[in-house]
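Asker: build me a model:
(one chain, ligands or ions: 1)
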Amino acid sequence: MTANIINGKEIAKDVRREVKEAVEERVATGKSVPGLATVLVGSDPASGMYVKMKQRACNKAGINAFHIDLPADTSQEELEAKVAELNADENVHGILVQLPLPDGLDEERVLQAIDVNKDVDGFHPLNIGRLAQKGRTPVFMPATPAGCIELLKRTGVELEGANAVVLGRSNIVGMPVALMLVEHNATVTICHSRTKDLKGLIQTADVLVCAVGRPEMVKGDWIKPGAVVIDVATVKVDAPELEKGYKWVGDVAFDEAMEVASAITPVPGGVGPMTIAILLQNTLKAAQLAD
Ligand code: GUN
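Answerer: Okay, the predicted model is just below:
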C-alpha cells in the first residue's frame, strides 16, 4: 500500500480563502473589520517568525493585525495590564500571547487574563475546561489540534468508533486533540514518555496523531496497515547529504509509514499550515461574536 498524502497546504489555502470571503462579505455589509492582536514578549527568533507569519496571514485575509512587542524583562503586572488594555479595545476581536513566555512570567495567569470571548488561541482555562466536559462547547478551540481535526474531516476520515492514539500530552496539542477526538466519538488512548508498550498501543490505532517532537521515532512497523497518520511535529535535523545541510522531519519515519498507512500528513506542509488557517477562522468568529 502507498499512502495518500494529506495536503495541509492546499486544505489550509481553502480555509483561508473561505475566511477571506466571509470577511469581505461582512465588511461590505458595514460590519467591523476583524482584528487580531499578537503579543510577543522577548526576542526568541522562532516565536518572532511565527508571529510575523500570523500577521502576514491576517493581512492577506483582510483581518487587521495589531502587534505588541514587549521586552523580555516585562513584569507580570505589565503584561497583564497590556492584556487588559486589549480586552477593552473594540477594534481587537482576538488576542494571542505567543508562547512560551520568558522565564519568570506565569503563563496560566496571563492566559486567564484574556477575555474568554477574545481567546482565539483557545487556551483560556474556561475554554479548555469546556472542551473537557461532555455537552459543553468552548467559545474557541486551540488552533493546532483543531487543524488536525479539520484535516481528518476534509479528508473524509471516519472518527466515529475509530481507535485513535495520541502520542504526546502537551497543553497546546496532545491533550486538546485527544479531547476533540473523544468529542467526535473516537476511542482515544493517550501515550507519553512513561507509556509501557508504546509500539503495541500505536499498532492499535486507526487514527494516529503524533505530537512529541522526537524525530522519526515512530517506525513503519508500529503503524497498523491502513491507518491515518497525522504528524504534528516539525523538527530540524542535520542532513549533511543535502546542500543546505538540514531538513525538517516529524515524529514518524515518513518513508516507512508511506508503505503502511492509508493516508499521512507530510512534514512540512501537513499540520503546520492549518494552525494559522484556524487562527484566522477563530478571529473571524470572535468578530462575529462581538457584532
Ligand atoms: N506557541 C506554539 N504554538 C502556539 C500557539 O498555537 N499559540 C500561541 N499563542 N503560542 C504558541
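
Asker: the longest helix along the chain: how far from the chain's middle?
Answerer: For the chain, the helix with the greatest residue count under DSSP state H is helix 8-28. Relative to its parent chain, helix 8-28 has a centroid offset of 17 Å by CA atoms, centre = their mean, to the nearest Å.

Asker: alpha carbons of the helix or strand following it, as CSV, please.
Answerer: Scanning forward in sequence from helix 8-28 by DSSP states H and E, the next helix or strand is strand 35-41. Provided in CSV are the C-alpha atoms of strand 35-41 (Å, rounded to 0.1, in the frame of the first residue of the first chain):
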residue,chain,number,x,y,z
GLY,A,35,-8.8,42.5,14.3
LEU,A,36,-6.2,40.2,15.9
ALA,A,37,-3.6,41.4,18.4
THR,A,38,-0.4,39.4,18.8
VAL,A,39,1.8,39.9,21.8
LEU,A,40,5.4,38.8,21.8
VAL,A,41,7.4,39.0,25.0
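
Asker: wait, residue 31 sits on residue 291?
Answerer: Yes. At 6.0 Å, residue 31 counts as touching residue 291 under the criterion of CB atoms under 8 Å. In short, each C-beta sits where N, CA and C put it, glycine included.

Asker: and the two? Which one has more around it.
Answerer: Neighbour totals were compared for residue 31 and residue 291, and residue 31 leads with 14 against 8 (other CB atoms under 10 Å).

Asker: enumerate every residue touching the more buried one.
Answerer: Contacts for residue 31 (CB atoms under 8 Å, 6 or more residues apart in numbering) come out as 287, 291.

Asker: equivalent analysis for residue 74, please.
Answerer: 41, 102, 105.

Asker: need the pLDDT of the first one.
Answerer: With respect to pLDDT, residue 41 scores 98.

Asker: if we can go back for a sec, so what touches the longest helix of the chain?
Answerer: With CB under 8 Å, 6+ apart, helix 8-28 has contacts from 32-34, 57, 60-63, 147, 150-151, 154, 265-266, 269-274, 276-278, 280-281, 284, 287-288.
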